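# Got a predicted structure plus its sequence, pasted below:
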Amino acid sequence: LIHGQGTWYIPGLGACGSYNTRADYVVAINQAQYHSKMCHKHDRIINMKNGKSVHAETADECPTCSFGSLDMSPVVFSAIAESGLDEGRLEISWSFS
C-alpha cells in the first residue's frame, strides 16, 4: 500500500488523453510516481480515518501533489470522506487493484 494525502479536483482532459467529468471515478497520481503506463489502471483508495474504500481509474497526473498522494474527482473523494468535499484533505492509502 502507498500512503499519502487525498485531495479533490475538477477533471477535464487528463494526462492519459481522456476527457473526464466530476461524475467519473478517476484520480490523478502525484508527479513523482506518475508514469503513462499507469493510465487507465484501477486503484483502490482507502480513507485511513474511517476505513471507507472506493475504486477509481488513473486518468491524470497531479503536479502539485506530494509523493504518495492522489487528487480525486469529486465523486471519488465524496465516496470515502466523512463530510463530503468540505473535508478538503484525507489521509489515504492506495494500491493498484
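Now that the structure is in, tell me what you want to look at. This structure is a prediction, so every number in the text was calculated from the model and none was measured.

# Quick check: buried residues in stretch 61-76?
Neighbour-count burial for stretch 61-76, counted by 16 or more other C-beta atoms under 10 Å, picks out Glu61, Cys62, Cys65, Gly68, Ser69, Leu70, Asp71, Met72, Ser73, Pro74, Val75, Val76. (C-beta placed from N, C-alpha, C; glycine too.)

# and of the residues you listed, the nearest to Gly84?
Ranked by distance to Gly84 (C-beta to C-beta), those are led by Pro74 at 8.8 Å.

# Next, that closest one: phi, psi?
Listed backbone geometry of Pro74 is phi -50, psi -40, with angles given as degrees, to the nearest 10.

# if we can go back for a sec, would you turn the buried residues of stretch 61-76 into TSV with secondary structure and distance to His35?
TSV is the format used below for the buried residues of stretch 61-76 (DSSP: H, G, I helix; E, B strand; the rest coil; distance: C-beta to C-beta, whole Å):
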residue	secondary structure	distance to His35
Glu61	strand	9
Cys62	strand	13
Cys65	coil	15
Gly68	coil	15
Ser69	coil	16
Leu70	strand	15
Asp71	strand	16
Met72	strand	19
Ser73	coil	20
Pro74	helix	25
Val75	helix	25
Val76	helix	20
